[in-house]
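1. return a 3D structure for these sequence lines:
(2 chains)
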2 protein chains.
Amino acid sequence: MSTIKDVAKEAGVSVATVSRFLNKSGYVSENSAKNVLDAIKKLDYQPNSVARALFHKTSKMIGLIVPDITNPFFPELARAVEDVSMIYGYKVLLGNSDGDPEKEQNYLDLFDQKYVDGIIMTSRSSKTDLTLNTDTPIVVLDRANISGLPTVTSNNYEGARQAVELLIEKGAMHIAHIRGPREITSANDRYQGFIDEMLKNNMDYVIAESAFNLKSAEEAAHHFFDKHKQIDAIFCSNDTIAVGFLKVALKKGIQIPADLQIIGFDGVAFGEMVYPELTTVAQPIYDMGAMASRLLIKLIEKEEPEQLLYELKNSIIERGTTRK
Amino acid sequence: MSTIKDVAKEAGVSVATVSRFLNKSGYVSENSAKNVLDAIKKLDYQPNSVARALFHKTSKMIGLIVPDITNPFFPELARAVEDVSMIYGYKVLLGNSDGDPEKEQNYLDLFDQKYVDGIIMTSRSSKTDLTLNTDTPIVVLDRANISGLPTVTSNNYEGARQAVELLIEKGAMHIAHIRGPREITSANDRYQGFIDEMLKNNMDYVIAESAFNLKSAEEAAHHFFDKHKQIDAIFCSNDTIAVGFLKVALKKGIQIPADLQIIGFDGVAFGEMVYPELTTVAQPIYDMGAMASRLLIKLIEKEEPEQLLYELKNSIIERGTTRK
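-> I've put the predicted structure just below:
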């Protein structure tokens, strides 16, 4: 039977850090949280679950609502939610809402019928007309505008700003942004970050739009390249759009990154599968899911959350679609 | 309130077909099943769930065990399981086993503690040392060698054979196969299909090996291309390996498909994201998940399954990594 000391040793952190992680109290760096999580899994460490179960009568289930588990952003999030939930003895019920507020409501109602102790709702829609049962804790992931609900997201605005900074540093003179759908909060934040940084640098810019799917991105790219011959760098609102633009550019014989630099957003796995590999603003997807689970379990167990909004930092991964 | 007639009309099939689908009895073509499913979702049709709930005292939950939801094959499978389960009023509990028999056993035990009515177990491992509770119905997905358990898989052997046929038809003279791990049933079946078809055509062949992940595939590709200069076609055991070989080939300046043709296996979404797009032996992933759910619910509701092994057909999707 492993102890909290074994976990701390394995993770290379202090017992206090492991305790903060397990009790979801105080600051634990993303890196330490990851190490602690790995150590807990490796040692199969069980926190004082017996003691906790005595105090909390629960179904020990969490409902996770995602728009579509086949969208590459969500499996990693779901994996994190499941990994962390398992540590605390919670199982995860999965629901796909297709981002449709009616389906989201269905799942909220369904999960609420005494099935789950809490709900993590991931949605990229900004629709707010949901009826929420205030008895069941809800944590919102990647959707920052349901007022009052605890939320875990990443700093989309700042990530977009940094993408522009990098493109300018790499010599880009004529930059375009392919923005995502207007009803998606994160797409709007990325758009605003792009605009503000371009204005700060007194640079003109081109804006085009695409849905967050490959087909729409390829269509947008064909139109775009026919019209805008002078553009030498594109910041795309997510990795799927970026890969669509990359494909069409390669098909047209445009040299990447010599003639055109491309940056995506999200940091999903397929960015490494394309050639050249995609430079991207990577969200800490796994950490976001893990953080949401810890926050939710804290709420389920009637502890007070320290913050209502956790906005994690993004980081740029430079790969082959930007210059060295 | 939609009726079974509305569903039949919307799906463009007979009422009898919808009934066969709902009752999981008799033959329904993959195409019809997909149309019926779409119609049910569109019309939000609820089969006689009240009548059924009266007859069957159940928790109305299904446990789904996958190796890793972040592996691109499994989200689509999970989506299908959830879509079909929802139609019958079942919710889906998700577990990630990492293909580790111990974790699989943990989930089997955990799900069994009165939480679920049945379990769908997806694993690519061929380990068979699991202790199964015979009271809880189990359907096995993509893993054909747990004797006695109802299983849904695709015809991996035949798919591999067809891949070789296509390469020969497209003028390939020197063909290699990059096989997957030896403990994975489907990888072995694909390997055998490759070998048999090559021997039938009296052709020599080269065999190399890679794990089902990008890093391993890229390493294998570097070794491979250094050693085998004369190979003009590669059949890879899955799409991830194929994409790794494609990337390294492009990096080395090899012309695809003029100098080297590549075929993958699975038909996952990222095959369309790379350029040139990947030719692949596509498994009916969504249909496999849907079929497994219907079969499991049938077992839960104490109906006799017509077959214990459903082996669905694969189909080759010709794209840019093979010649026109």
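2. A:Lys251: how many residues sit nearby?
-> By other Cβ atoms under 10 Å in any protein chain shown, 15 other residues sit near A:Lys251. (C-beta placed from N, C-alpha, C; glycine too.)
3. how close does it sit to A:Ile234?
-> Per Cβ to Cβ, to the nearest Å, A:Lys251 is found 15 Å from A:Ile234.
4. now swap in A:Leu37 and tell me
-> Taking Cβ to Cβ, one finds A:Leu37 at 36 Å from A:Ile234.
5. and these two? Which one has more around it.
-> A:Ile234 (28 against 21).
6. quick check, that one in contact with A:Gly244.
-> No. Applying Cβ atoms under 8 Å as the test, A:Ile234 and A:Gly244 come out as separate, 10.9 Å apart.
7. next SSE after the worst-scoring helix or strand of chain A on mean pLDDT?
-> Within chain A, confidence by mean pLDDT, DSSP states H and E is lowest for helix A:49-55 among all helices and strands, at a mean of 41. Downstream of helix A:49-55, the first helix or strand assigned by DSSP states H and E is strand A:61-66.
8. gap between that following strand and the chain center?
-> What separates the centre of strand A:61-66 from the centre of its chain is 16 Å, taken as Cα atoms, centre = their mean, to the nearest Å.
9. what lines up beside that strand in the sheet?
-> strand A:91-96 (parallel), strand A:118-122 (parallel) (DSSP bridges).
10. pLDDT averaged over the last one - what is it?
-> Spelled out, it's strand A:118-122. For strand A:118-122, the mean per-residue pLDDT is 90.
11. try the first one
-> Averaging pLDDT along strand A:91-96 gives 90.
12. which residues of chain A fall in strands?
-> Along chain A, counting by DSSP state E, strands occupy A:61-66, A:91-96, A:118-122, A:138-141, A:151-154, A:175-179, A:205-209, A:233-236, A:261-266, A:279-282, A:309-312, A:315-317.
13. make TSV out of those strands and add distance to B:Glu169.
-> Below are these laid out as TSV (distance: least, Cβ to Cβ, whole Å):
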stretch	distance to B:Glu169
strand A:61-66	42
strand A:91-96	39
strand A:118-122	45
strand A:138-141	48
strand A:151-154	49
strand A:175-179	40
strand A:205-209	41
strand A:233-236	38
strand A:261-266	36
strand A:279-282	39
strand A:309-312	51
strand A:315-317	41
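14. any idea which of these gets closest to B:Asn96?
-> Closest of those to B:Asn96 is strand A:91-96, at 9.5 Å (criterion: Cβ to Cβ).
15. how about A:Gln162, nearest residue that isn't a chain neighbour?
-> In space, and not counting its chain neighbours, A:Gln162 is closest to A:Ile316: 5.8 Å by Cβ to Cβ, 6 or more residues apart in numbering or on different chains.
16. quick one: contacts for the one you found?
-> Each residue near A:Ile316 by Cβ atoms under 8 Å, 6 or more residues apart in numbering or on different chains is listed here: A:Gly159, A:Gln162, A:Ala163, A:Leu166, A:Ile263, A:Thr279, A:Thr280, A:Val281, A:Ala282.
17. distance of the third one from A:Tyr107?
-> Read that as A:Ala163. Noted for A:Ala163: a distance of 34 Å to A:Tyr107, by Cβ to Cβ.
18. these two: which is more packed in?
-> Comparing A:Ala163 with A:Tyr107 by other Cβ under 10 Å, the one with more neighbours is A:Ala163, at 28 against 23.
19. ok, that one touching A:Gln261?
-> No. Counting by Cβ under 8 Å, A:Ala163 does not reach A:Gln261; the two are 10.4 Å apart.
20. and the residue nearest in space to the middle of chain A, how far from chain B?
-> In chain A, the centroid-proximal residue (Cα atoms, centre = their mean) is A:Ile285; its distance is 4.3 Å. Going from A:Ile285 to chain B by Cβ to the nearest Cβ, to the nearest Å gives 9 Å.
21. just A:Phe265 next, same as before
-> In terms of Cβ to the nearest Cβ, A:Phe265 sits 16 Å off from chain B.
22. so who does the closest residue to that residue other than its chain neighbours touch?
-> In this structure, A:Phe265 finds its nearest non-sequential neighbour in A:Val281, 4.6 Å apart by Cβ to Cβ, 6+ apart. Contacts for A:Val281 (Cβ under 8 Å, 6+ apart) come out as A:Gly159, A:Ala160, A:Gln162, A:Ala163, A:Ile263, A:Gly264, A:Phe265, A:Asp266, A:Gly267, A:Asn314, A:Ser315, A:Ile316.
23. mind giving me the PyMOL select for the residues you listed, buried ones only?
-> Selection of buried members from these for PyMOL, criterion 16 or more other Cβ atoms under 10 Å in any protein chain shown:
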select buried, chain A and resi 159+160+162+163+263+264+265+266+267+314+316
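24. wouldn't A:Tyr115 be in contact with A:Met61 here?
-> Yes. At 6.2 Å, A:Tyr115 counts as touching A:Met61 under the criterion of Cβ under 8 Å.
25. show me where the stretch 101-250 of chain A has helices.
-> Using DSSP state H, counting those that start in this stretch, the helices found in the stretch 101-250 of chain A span residues A:101-112, A:156-169, A:185-200, A:214-227, A:239-251.
26. quick one, the first one and strand A:91-96 angle?
-> On the basis of axes from the mean of the first three to the mean of the last three Cα atoms, to 10 degrees, helix A:101-112 is oriented at 160 degrees to strand A:91-96.
27. can you give me the buried ones in helix A:101-112?
-> Within helix A:101-112, the residues scored as buried using 16+ other Cβ under 10 Å are A:Lys103, A:Glu104, A:Asn106, A:Tyr107, A:Leu108, A:Leu110, A:Phe111, A:Asp112.
28. check the longest one too.
-> Within helix A:185-200, the residues that qualify as buried by neighbour count (16+ other Cβ under 10 Å) are A:Thr185, A:Ser186, A:Ala187, A:Asn188, A:Asp189, A:Arg190, A:Tyr191, A:Gly193, A:Phe194, A:Ile195, A:Glu197, A:Met198.
29. dump those into TSV; add distance to chain B and pLDDT as well.
-> Output for those, formatted as TSV (distance: Cβ to the nearest Cβ, whole Å; pLDDT from 0 to 100):
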residue	distance to chain B	pLDDT
A:Thr185	23	86
A:Ser186	20	90
A:Ala187	20	94
A:Asn188	25	94
A:Asp189	25	95
A:Arg190	20	97
A:Tyr191	23	98
A:Gly193	25	98
A:Phe194	23	98
A:Ile195	28	98
A:Glu197	28	98
A:Met198	28	98
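30. correct me, but A:Ala176 touches A:Ala233?
-> Yes. Between A:Ala176 and A:Ala233 there is a contact under Cβ under 8 Å: 7.3 Å.
31. where does the stretch 51-200 of chain A come near chain B, residue by residue?
-> Within reach of chain B by Cβ under 8 Å from any Cβ of the partner chain, the stretch 51-200 of chain A has these residues: A:61, A:64, A:68-70, A:72, A:74-76, A:78-79, A:82-83, A:91-96, A:110, A:115.
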